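Participant: build me a model:
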Amino acid sequence: MWASGNYPEMVDTFLLPLGPRLVEACRIGAGVSVLDVAAGTGNASIPAAQRGAHVTASDLTPELLQAGARVAEASSTDLEWVTADAEHLPFEDESFDIVMSSIGVMFAPHHQAAADEIVRVCRPGGTIGLLSWTPEGMIGGQVMDMEGENRSLTIGELQQVHQRKTGALIRCACRMGAIAAGASGARYDGLNEYGWSLGIAFQIVDDLLDVTSTPQELGKATAKDAGIDGFDDLLSGPP
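Facilitator: I've put the predicted structure just below:
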């Protein structure tokens, strides 16, 4: 599945900055042994190796490792690439000082099995660092939206979907602009509320167009949200 599209391009577009942040959080330095589980193209493995760590990048998909190896070679970065299942890691117990995963091991089908393997291969007193999407974030909102496609959502569920999806993205953009401009107090709060309201308005219009427009007009499938009402309940203000 992971080799069926251009995953490396998606990583370069959206995930590349995340790897160095995980490396920094794990305090990776020269000489330590590091295992990156579900490493993909190495967006965390390569920065770790560039700090002088002894890095093993493991992933279930050889094509992703091959793409990462090409990137590493282009920057003269030395690390090991190993095809491995996160739920059955081919490494000895307590083999690594640091075990990490950047938007990777969270996709393992059996979370407990993968977690047990990560703990097994990390030395006592070592560091385990995971960077994952959370149910409270935008991915959680998307999951709720997908789960509600074949049923009518309650007002509470609909509010959660709207808050976590485009509404959250627009509010984030307003917050970052406010912070960059040095806004504080009432101005920051006002921009925060504006972003929330604009995001909710966008989602409401999008949902209404879903039931009032044709696929030809929107350029996508319609009538997915038919039967959902109570949009006015969403306008009470930011959470």
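Participant: wait, a strand at V99?
Facilitator: Yes: secondary structure of V99 (DSSP: H, G, I helix; E, B strand; the rest coil): part of a strand.
Participant: name the residues linked to it by a beta bridge.
Facilitator: For V99, the beta-bridge partners under DSSP bridges are L35, I128.
Participant: quick check: it vs Y188, distance?
Facilitator: V99 sits 39 Å away from Y188 when distances are taken as CB to CB, to the nearest Å. All C-beta atoms are positioned from the backbone trio N, CA, C, and that covers glycine.
Participant: ok, these two, which is more surrounded?
Facilitator: In this view V99 and Y188 are compared by other CB atoms under 10 Å, and V99 has more residues nearby, 29 against 16.
Participant: the more buried one is in contact with R120, isn't it?
Facilitator: No: with contact defined as CB atoms under 8 Å, V99 does not reach R120; the gap is 9.4 Å.
Participant: pull out the buried residues from the longest helix that the chain contains.
Facilitator: Criterion DSSP state H: the longest helix present in the chain is helix 185-212. Neighbour counts over helix 185-212 (16 or more other CB atoms under 10 Å) mark 188, 191-192, 195-204, 207, 210 as buried.
Participant: and it, how far out from the chain middle?
Facilitator: Per CA atoms, centre = their mean, to the nearest Å, the displacement of helix 185-212 from the mean C-alpha position of its chain is 23 Å.
Participant: from the contact counts, what lies against that helix?
Facilitator: Other helices and strands packing on helix 185-212, by 3 or more CB pairs under 8 Å, 6 or more residues apart in numbering; DSSP states H and E, are helix 155-164, helix 166-180.
Participant: ranking these by mean neighbour count, which comes first?
Facilitator: Mean neighbours per residue, mean count of other CB atoms under 10 Å, is largest over the helices and strands packed on helix 185-212 for helix 155-164, with a mean of 19.
Participant: after the lowest-mean-pLDDT helix or strand in the chain, next one along is what?
Facilitator: None of the helices or strands of the chain scores lower by mean pLDDT, DSSP states H and E than helix 7-10, at a mean of 55. Next helix or strand after helix 7-10 toward the C-terminus (DSSP states H and E): helix 18-25.
Participant: so what touches that next one?
Facilitator: Outside helix 18-25, the residues that touch it by CB atoms under 8 Å, 6 or more residues apart in numbering are 42-48, 51, 100, 102-103, 129, 131.
Participant: low-scoring pLDDT stretches of the chain, where are they?
Facilitator: 1-16, 136, 222-239 (pLDDT under 70).
Participant: repeat the analysis, applying 50 as the threshold.
Facilitator: 2, 227-237, 239 (pLDDT under 50).
Participant: domain boundaries for it, per the record?
Facilitator: 7-131, 138-236 (automatic domain parsing).
Participant: return the most buried member of those domains.
Facilitator: Scoring the domains of the chain by mean count of other CB under 10 Å, the most buried comes out as domain 7-131, with a mean of 19.
Participant: now find how far off-centre it is within its chain.
Facilitator: 15 Å.
Participant: let's have the chain start at 34 instead
Facilitator: Will do, 34 is the new start, and the previous item becomes domain 40-164.
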